[in-house]
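K.L.:
quick check, what structure comes out for this input:
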Amino acid sequence: MTVVLTLCIVLIWQLPALVAFTISFNLTQRNFPRRYRLLLWSLRRVTRRRSSQPLTVYAHRIDTRLGDQRHFTTLTHAYEAWTFGHVAIHPDPLTTSLKSLSTQLAQYARHKFHVKQN
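P.N.:
Sure thing, here's the model as predicted:
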């Protein structure tokens, strides 16, 4: 029982990393907006977004908290371009950003919750 509980806790804290990694598979122009919103929802564990806060400002806050990379900002610009400007997006660079973001999120969770590595 203790092992199951521990596993559940680890999965909850690693949720944003798992979501970013999972949605990077078979990313297409059509499914990108839905997957971005799922990622946005899961990032509440890192820092919450105020309802009045623009997505670009929130993306910058996330990137700063995760180590001054621009992976989430890149994804946010693509999401806004597709959703509001109906500009075509190319999934390949976004997949790379998602995988890099997943790695950053996993490192952030390990650091934040003091998970020791052998």
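K.L.:
what is the burial count for residue 71?
P.N.:
24 (other C-beta atoms under 10 Å). Where you see a C-beta, it was placed from the backbone N, CA and C, and this is true even at glycine.
K.L.:
against residue 82, how distant is it?
P.N.:
Distance, residue 71 to residue 82, using C-beta to C-beta, to the nearest Å: 17 Å.
K.L.:
got the buried residues for stretch 66-79?
P.N.:
Across stretch 66-79, burial judged by 16 or more other C-beta atoms under 10 Å covers 66, 69, 70, 71, 72, 73, 74, 75, 76, 77, 78, 79.
K.L.:
where does pLDDT dip in the chain?
P.N.:
Within the chain, the ranges that satisfy pLDDT under 70 run 1-15, 17, 21, 112-118.
K.L.:
can you check which helix is longest in it?
P.N.:
Looking across the chain with DSSP state H, the single longest helix is helix 91-112.
K.L.:
just the CA atoms of that one, as PDB, please.
P.N.:
C-alpha atoms of helix 91-112 as PDB (Å, rounded to 0.1, in the frame of the first residue of the first chain):
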ATOM      1  CA  PRO A  91       4.900  20.300 -35.600                       C
ATOM      2  CA  ASP A  92       8.500  19.200 -35.800                       C
ATOM      3  CA  PRO A  93      10.100  22.200 -34.000                       C
ATOM      4  CA  LEU A  94       7.300  22.200 -31.500                       C
ATOM      5  CA  THR A  95       7.900  18.500 -30.800                       C
ATOM      6  CA  THR A  96      11.500  19.300 -30.000                       C
ATOM      7  CA  SER A  97      10.400  22.200 -27.700                       C
ATOM      8  CA  LEU A  98       7.900  19.800 -25.900                       C
ATOM      9  CA  LYS A  99      10.600  17.200 -25.300                       C
ATOM     10  CA  SER A 100      13.000  19.800 -24.000                       C
ATOM     11  CA  LEU A 101      10.300  21.200 -21.800                       C
ATOM     12  CA  SER A 102       9.500  17.800 -20.500                       C
ATOM     13  CA  THR A 103      13.200  17.300 -19.500                       C
ATOM     14  CA  GLN A 104      13.200  20.700 -17.800                       C
ATOM     15  CA  LEU A 105      10.000  19.900 -15.900                       C
ATOM     16  CA  ALA A 106      11.400  16.600 -14.600                       C
ATOM     17  CA  GLN A 107      14.600  18.300 -13.400                       C
ATOM     18  CA  TYR A 108      12.500  21.100 -11.800                       C
ATOM     19  CA  ALA A 109      10.400  18.500  -9.900                       C
ATOM     20  CA  ARG A 110      13.400  16.600  -8.700                       C
ATOM     21  CA  HIS A 111      15.100  19.800  -7.500                       C
ATOM     22  CA  LYS A 112      11.900  21.200  -5.900                       C
END
